[in-house]
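Colleague: No sequence on hand, only this structure:
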C-alpha cells in the first residue's frame, strides 16, 4: 500500500500542516508515503526523511504548455506507482489527478479543505469529484454544499489536533493578541485590524501579532498605518514554532469570512489560549466553540462585535480563565493517530480512477 498526497506546494498553511501530520503518522506505521507537489517545491513543515517528496512542476501562470507538462509528469508518476492510492488535498490536485490517472487503477480520495460554496469553477470541480471514491469533508455543512451525487460519497472527518509535548502556559498571560493564517482576503485581517484599532484605545498595553505571509501583507501594513496602530501591530511572517511563540498570549482571534476548520484555532484552544472566532461558513468554528464556554463567537464581518469580544476577554478575568480551562479539554480530542485511523477506514486498495 502506498499513499500519495497531492497538493500544490507546502510553504506553510493549515492544509499543508494536516498533510504533514498524516504523512508522518503513516510513515511511522510503516506505510509507504509520498507527497506529490505539482506547483512548487517548498516543504515548510518537518517531514520524516523516509517520505518521498516529488515536485513535478512550478506555478503554471495559466500557461497551457506548463499544465500539459505537469499532467504528463503526473501520469508518468502514477503509472510507475501502479495501484497507489491518490489522496488529493486540493481542488486542482483532484482535477489534474483525474486526467493524469485516466485508464489506470487507483483508489481516489479527495479531501475538501474549504467552503465548497466559495469555489469559482464549480462545474470543473464537481466533474472531477464525481470520479472520486470518497470525498472527505470537515463539517456536515461542507457536505451540504455539494450536489447530491457528490454528497452521497462524502464523509466527515475533522482536522487532527497536535501540540506535541508543549504544555499550556501557566500564570498570567501577556497582553498580546495573536492571529495565525495566510494574509489573503478569505482570512479578513482587515476586520481584525479595525477591531483592534478600537480595542487598543481603551487597552493601550496590548499588541497584535499576526503570523503568516501572503499577498495582502503590504495592504495590511498600510491599513495599520492609516488606522494609527502601526506601532502596535507586528507582522511575524511564517514560523515553524508558532505554537511556542503564541502560548503565553492573552487571546487568539480568527477573523475569517469563511473557513474549513482552522488548525491554528484548534491548537490555540488546546493550549488554553482564549479564542475569539467569526461564526463563519462552513461551521468549523461553531463545531468546536460553545459560545461563552470554551471561546467566543462573533458574526462575520462585524468589527464592533469583535472589538467587544476582545474587551470581554481582557476585562473579565474569570471569563478568560474559564474559557482557557474548557479549551484545554480539546487536547484529548482528534489526536493525529485517531484522525489517521479514520482516513484509513475509508481508504481502498484497487478501485477506479
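Modeller: Sure, I can see it. Predicted model only: the values in this text are computed from it and were never measured.

Colleague: Where does pLDDT dip in the chain?
Modeller: Applying pLDDT under 70 to the chain picks out residues 348-353.

Colleague: the strands in it, which residues?
Modeller: In the chain, the strands defined using DSSP state E lie at 2-7, 32-37, 52-55, 85-88, 108-111, 134-137, 154-156, 174-180, 207-211, 233-237, 249-254, 275-278, 296-298.

Colleague: can those strands go into TSV with extra columns for mean neighbour count and distance to residue 69?
Modeller: Just so you know, the C-beta spots here come from the backbone N, C-alpha and C atoms, and that holds for glycine as well. Formatted as TSV, the strands of the chain follow (neighbours: other Cβ atoms under 10 Å; distance: least, Cβ to Cβ, whole Å):
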stretch	mean neighbour count	distance to residue 69
strand 2-7	24	16
strand 32-37	21	14
strand 52-55	16	13
strand 85-88	26	19
strand 108-111	26	22
strand 134-137	22	28
strand 154-156	17	32
strand 174-180	22	35
strand 207-211	21	35
strand 233-237	17	32
strand 249-254	25	38
strand 275-278	28	40
strand 296-298	23	46
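
Colleague: closest one to residue 326 among those strands?
Modeller: In terms of Cβ to Cβ, the element of the strands of the chain nearest to residue 326 is strand 275-278, at 10.3 Å.

Colleague: which helices and strands does the closest one pack with?
Modeller: Applying 3 or more Cβ pairs under 8 Å, 6 or more residues apart in numbering; DSSP states H and E, we find strand 275-278 packed against strand 249-254, helix 263-270, strand 296-298, helix 303-315.

Colleague: Repeat the analysis, applying 10 Å as the threshold.
Modeller: On a contact count with 3 or more Cβ pairs under 10 Å, 6 or more residues apart in numbering; DSSP states H and E, strand 275-278 meets helix 189-202, strand 249-254, helix 263-270, helix 284-288, strand 296-298, helix 303-315, helix 317-327.

Colleague: Each with direction, which strands does that strand pair with?
Modeller: Paired neighbours of strand 275-278 in the sheet (DSSP bridges): strand 249-254 (parallel), strand 296-298 (parallel).

Colleague: The longest one to strand 174-180, inter-axis angle?
Modeller: On the basis of axes from the mean of the first three to the mean of the last three Cα atoms, to 10 degrees, strand 249-254 is oriented at 20 degrees to strand 174-180.

Colleague: before we move on, the earlier item: want to try JSON lines for the strands of the chain, with distance to residue 96 as columns?
Modeller: As requested, the strands of the chain are exported to JSON lines (distance: least, Cβ to Cβ, whole Å):
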{"stretch": "strand 2-7", "distance to residue 96": "8"}
{"stretch": "strand 32-37", "distance to residue 96": "10"}
{"stretch": "strand 52-55", "distance to residue 96": "14"}
{"stretch": "strand 85-88", "distance to residue 96": "8"}
{"stretch": "strand 108-111", "distance to residue 96": "12"}
{"stretch": "strand 134-137", "distance to residue 96": "17"}
{"stretch": "strand 154-156", "distance to residue 96": "21"}
{"stretch": "strand 174-180", "distance to residue 96": "29"}
{"stretch": "strand 207-211", "distance to residue 96": "30"}
{"stretch": "strand 233-237", "distance to residue 96": "30"}
{"stretch": "strand 249-254", "distance to residue 96": "31"}
{"stretch": "strand 275-278", "distance to residue 96": "32"}
{"stretch": "strand 296-298", "distance to residue 96": "37"}
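
Colleague: Out of the ones you listed, which is closest to residue 260?
Modeller: Nearest to residue 260, of the strands of the chain and by Cβ to Cβ, is strand 134-137 at 8.4 Å.

Colleague: roughly how far out does the closest one sit from the chain middle?
Modeller: In terms of Cα atoms, centre = their mean, to the nearest Å, the centre of strand 134-137 is set 16 Å apart from its chain centre.

Colleague: Equivalent analysis for stretch 274-285, please.
Modeller: For stretch 274-285, the distance to the chain centre is 13 Å (Cα atoms, centre = their mean).

Colleague: And for stretch 29-42?
Modeller: Computed by Cα atoms, centre = their mean, the separation of stretch 29-42 from the middle of its chain amounts to 18 Å.

Colleague: what distance separates the start and the end of it?
Modeller: Using Cα to Cα, to the nearest Å, the end-to-end distance of stretch 29-42 comes out at 25 Å.

Colleague: Just give the nearest non-adjacent residue to residue 56, would you?
Modeller: In this structure, residue 56 finds its nearest non-sequential neighbour in residue 73, 4.1 Å apart by Cβ to Cβ, 6 or more residues apart in numbering.

Colleague: residues in contact with that neighbour?
Modeller: 36, 38, 54, 55, 56, 57, 100 (Cβ atoms under 10 Å, 6 or more residues apart in numbering).
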